[in-house]
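Enquirer: Following is a predicted model, sequence given first.
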Amino acid sequence: MGMDTEASRRAPAQPPPQGALLRLLAWLSPSFPTGAYTYSHGLEAAVEAGLVRDRATLADWAGFVLEHGAGRTDAVLFAAAHRAVSAGDDDAFLWALERADGLRGTREMALESSAQGTAFLGAVAAAWPLEGLERWRGLIAGTGRAPAHAVAVALCAALAGIPLAPALAGFLHAVVANLVSAGVRLVPLGQTDGQRTMAALEPLVARHAAWAESASPDDLGSRAPMVDWTSAVHETQYTRLFRS
């Protein structure tokens, strides 16, 4: 009865659509206790340098991060981790875990990802004790690595039977929403301008999620040196509201 079979490692059958939607909304809500509001992904330094100064430049910045920066890397690894968990493939999951941990441009970006990933898994384990989650958490612990946020969300979504397409789209939407929220506070902008920015980025989020669903390991990588530079500058910025 206690044997670790391939079937026991696979994600369970999908829950009713409304149940999956409600769970996904809860996990990706700004109120979910991952501390997302404390990170700006280098945006604070970008505002300080005048690179982001209004709604248009905020939309450009957030869209660039999504399509060419960490959003691209995380989207590919999210899909890989979700597929691995759904198939009960430990090796494929560990591959995604390792690369998600290593592909961070700066110390603060690494903290942003790992701290949120660790907090996410802890909160889900406490409130939604998913079948098989503790086994996967043990697998993660055995590597000595903290889980990246993208991998943590993909793991739980797969275990909960939430299909890849909505899970990935929801995750990328949350990434953009957190950047826009930080920009609203930093520029500053009004809340309506923040929502206009989200509306403008909606098609890009949908296209990028659709692309990442079928992305391969060869698609890994980013080309956002300015974002990495602002993140590095932020480490020694004189006044800071955010942790990254």
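Expert: That came in fine, so what should we check first?
Enquirer: now the protein, which segments are flagged as low pLDDT?
Expert: Along the chain, segments meeting pLDDT under 70 span 1-18.
Enquirer: Which residues does stretch 50-68 contact?
Expert: With contact meaning Cβ atoms under 8 Å, 6 or more residues apart in numbering, stretch 50-68 is reached by 41, 43, 46-47, 71-72, 172, 175-176, 179-180, 183, 186-187, 189, 193, 196-197, 200-201, 204-205, 208, 222-224, 226-227, 230. Heads up, the C-betas are built off the backbone N, CA and C, glycines and all.
Enquirer: Helices - which of the residues you listed land there?
Expert: Under the assignment DSSP state H, these contribute 43, 46-47, 71-72, 172, 175-176, 179-180, 183, 186, 193, 196-197, 200-201, 204-205, 208, 226-227, 230 to helices.
Enquirer: Among the residues you listed, filter down to the buried ones and hand me the ChimeraX syntax, if you would.
Expert: Only the buried entries of these go into this ChimeraX selection, using 16 or more other Cβ atoms under 10 Å:
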select :43,46,47,71,72,172,175,176,179,180,183,186,193,197,200,201,204,205,208,227,230
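Enquirer: which residues of the chain fall in helices?
Expert: Ranges of helices within the chain are 6-9, 17-27, 43-48, 55-68, 70-87, 90-102, 107-127, 133-143, 149-159, 164-186, 191-213, 225-234, based on DSSP H.
Enquirer: Comparing those helices, which stretch has the densest surroundings?
Expert: Using mean count of other Cβ atoms under 10 Å, the stretch among the helices of the chain with the largest mean neighbour count is helix 149-159, at a mean of 29.
Enquirer: Report whether the expected contact of residue 168 with residue 214 is present.
Expert: No: contact status for residue 168 versus residue 214: not in contact, 10.9 Å apart, counting by Cβ atoms under 8 Å.
Enquirer: so what's in contact with these two at the same time?
Expert: Between them, residue 168 and residue 214 have residue 79 as joint contacts when contacts are counted by Cβ under 8 Å, 6+ apart.
Enquirer: Which residue lies nearest the spatial centre of this protein?
Expert: residue 150 (3.8 Å; Cα atoms, centre = their mean).
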